[in-house]
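K.L.:
got a structure for you, letters missing:
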């Protein structure tokens, strides 16, 4: 019986090690562009650090205090060399990797703002990940180019 219990304990330990958790996702340098008035859009940027052995998939972000319309976006160059944005269903952070959301690349779009975003203010952005849960991120408002 002791042998069976020891084997069962090892199975539990190793199976939990194989799963990613929201604690494995670290977020650094979260910021968003300031806006000129409440009817404009903004975007949030940050660095995601996946410290797990499994990919972590972000499927959604919400920020109800500032916007009811938040989307994951990618920026790309069209055939004429013009930057365009497109909604994406997910952002994958590969295992043991960092990815940076930055201007003119992958970002979180904040549309139809409820209020002006002023440099120095902060808001909470909830990052929702497939299978691992949710993470609240404090985002600082910065003036673009600063």
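P.N.:
Right, received. Where do you want to start? Quick caveat, the model's predicted, so the values are computed rather than measured.

K.L.:
Test my guess that residue 121 contacts residue 143.
P.N.:
No: in terms of Cβ atoms under 8 Å, residue 121 does not count as a neighbour of residue 143; the distance is 11.4 Å. Glycine gets a C-beta too; all of them are placed from N, C-alpha and C.

K.L.:
Leaving out the residues flanking it, which one is nearest to residue 25?
P.N.:
The spatially closest residue to residue 25, leaving aside those adjacent along the chain, is residue 56, at 5.4 Å (Cβ to Cβ, 6 or more residues apart in numbering).

K.L.:
which one of residue 121 and residue 143 has more residues nearby?
P.N.:
The residue with more neighbours, out of residue 121 and residue 143 and counting by other Cβ atoms under 10 Å, is residue 121; that gives 15 against 10.

K.L.:
which residue sits closest to the more buried one, ignoring its sequence neighbours?
P.N.:
Spatial nearest neighbour of residue 121, excluding adjacent residues (Cβ to Cβ, 6+ apart): residue 141 at 4.6 Å.
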